[in-house]
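Colleague: coords please:
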Amino acid sequence: MKKLVIIGFDGTIADTAPGILYCMNTTALSMGYNPVAHDALFGVIGVSLEQGFMNVYGMKEDEIEYAMNQYSKLYSIKGEEMILIYDGIAESLKKLKESGVKLAIVTQKNERFINNMLAVYSYIGDLFDTVCATNVEQDMSKADMLRKVCGELEIEPAEAVFIGDSYVDAIAADEVGMDFAAALYGWGFRSKEDAEQYNCKVYLNKASEIDYKLSVLD
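Modeller: Just a heads-up that it's a prediction; the model follows:
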């Protein structure tokens, strides 16, 4: 078993799509863009918000700063409330914790938002040894975040596994020499075939499978 399990938040611990879609669409409408349906979020949640606005609505680079500010205001009011914790995730993570495995979150969600959410859902938040998220003072890629977590916990990347639901997560894990577990129940991969293009060691069809499917990794 690995010494460290790192997991994303959007699409792996919680379904945050309703809040993200609401805030992105409301922001886009205020800027003259048409709203999109839920399916447009496949492959977008998990990448940077800036890239999401450009990919989904075709926004130009000089519009992104305004969009980001509007989105952040909306998300702090409404988006944080519109999440659903996946069934079985708390129990599965608790089993890993009880077995002696360290747990960490790596997410490109704003540090303030993720800390607020983990405080509300403390039965989840209290399980983690560290959380690495986006903040205005540091410009880190997801691979940088994985390295930072490993450094903080003094565990080599080869002794860790990253659970994510997108190609961005898979590429980041590969870049740092870390095993990757694909969460097929999130908003990144549409199917197992999508995930098979990357170097996945485990495929997770639901959150409750995490503890026993990761037990095969060494």
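Colleague: by contact count, what packs against the lengthiest helix in the chain?
Modeller: Ranked by residue count, the top helix of the chain under DSSP state H comes out as helix 61-77. Helices and strands touching helix 61-77, by 3 or more Cβ pairs under 8 Å, 6 or more residues apart in numbering; DSSP states H and E, are helix 17-30, helix 49-57, helix 111-120. The way it works is simple: take the backbone N, C-alpha and C, and place the C-beta from them, glycine included.
Colleague: put the alpha carbons of the longest one into PDB.
Modeller: Output of helix 17-30 as PDB, limited to C-alpha atoms (Å, rounded to 0.1, in the frame of the first residue of the first chain):
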ATOM      1  CA  ALA A  17     -20.600  21.000 -10.900                       C
ATOM      2  CA  PRO A  18     -24.000  22.700 -10.000                       C
ATOM      3  CA  GLY A  19     -22.300  25.700  -8.300                       C
ATOM      4  CA  ILE A  20     -19.500  26.000 -10.800                       C
ATOM      5  CA  LEU A  21     -22.000  25.900 -13.700                       C
ATOM      6  CA  TYR A  22     -24.300  28.500 -12.000                       C
ATOM      7  CA  CYS A  23     -21.400  30.900 -11.400                       C
ATOM      8  CA  MET A  24     -19.800  30.400 -14.800                       C
ATOM      9  CA  ASN A  25     -23.100  30.900 -16.700                       C
ATOM     10  CA  THR A  26     -24.100  33.900 -14.600                       C
ATOM     11  CA  THR A  27     -20.700  35.500 -15.200                       C
ATOM     12  CA  ALA A  28     -20.900  34.700 -18.900                       C
ATOM     13  CA  LEU A  29     -24.400  36.100 -19.300                       C
ATOM     14  CA  SER A  30     -23.300  39.400 -17.700                       C
END
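Colleague: which elements pack onto that helix?
Modeller: Helix 17-30 packs on helix 49-57, helix 61-77, going by 3+ Cβ pairs under 8 Å, 6+ apart.
Colleague: turn those helices into a markdown table, columns for mean pLDDT, mean neighbour count and distance to residue 160.
Modeller: Listed next are the helices and strands packed on helix 17-30 as a markdown table, based on pLDDT from 0 to 100; neighbours: other Cβ atoms under 10 Å; distance: least, Cβ to Cβ, whole Å:
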| stretch | mean pLDDT | mean neighbour count | distance to residue 160 |
| --- | --- | --- | --- |
| helix 49-57 | 90 | 19 | 25 |
| helix 61-77 | 93 | 15 | 29 |
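Colleague: now residue 117: closest residue in space, sequence neighbours ignored.
Modeller: Closest residue to residue 117 apart from its sequence neighbours, by Cβ to Cβ, 6 or more residues apart in numbering: residue 80 at 6.0 Å.
Colleague: list the residues that contact that neighbour.
Modeller: Residue 80 makes contact with 19, 113, 116, 117, 120, according to Cβ atoms under 8 Å, 6 or more residues apart in numbering.
Colleague: ok, and what's touching the lowest-mean-pLDDT helix or strand in the chain?
Modeller: Ranked by mean pLDDT, DSSP states H and E, the helix or strand of the chain with the weakest confidence is helix 49-57, at a mean of 90. Contact with helix 49-57 is made by 24, 27-28, 33-34, 36, 40-41, 44-45, 47, 59-61, 63-64, 67-68, 71, 108, as judged by Cβ under 8 Å, 6+ apart.
Colleague: do that again at 7 Å, thanks
Modeller: The contact list for helix 49-57, computed with Cβ atoms under 7 Å, 6 or more residues apart in numbering, reads 24, 28, 33, 36, 40, 44, 59, 64, 67, 68, 71.
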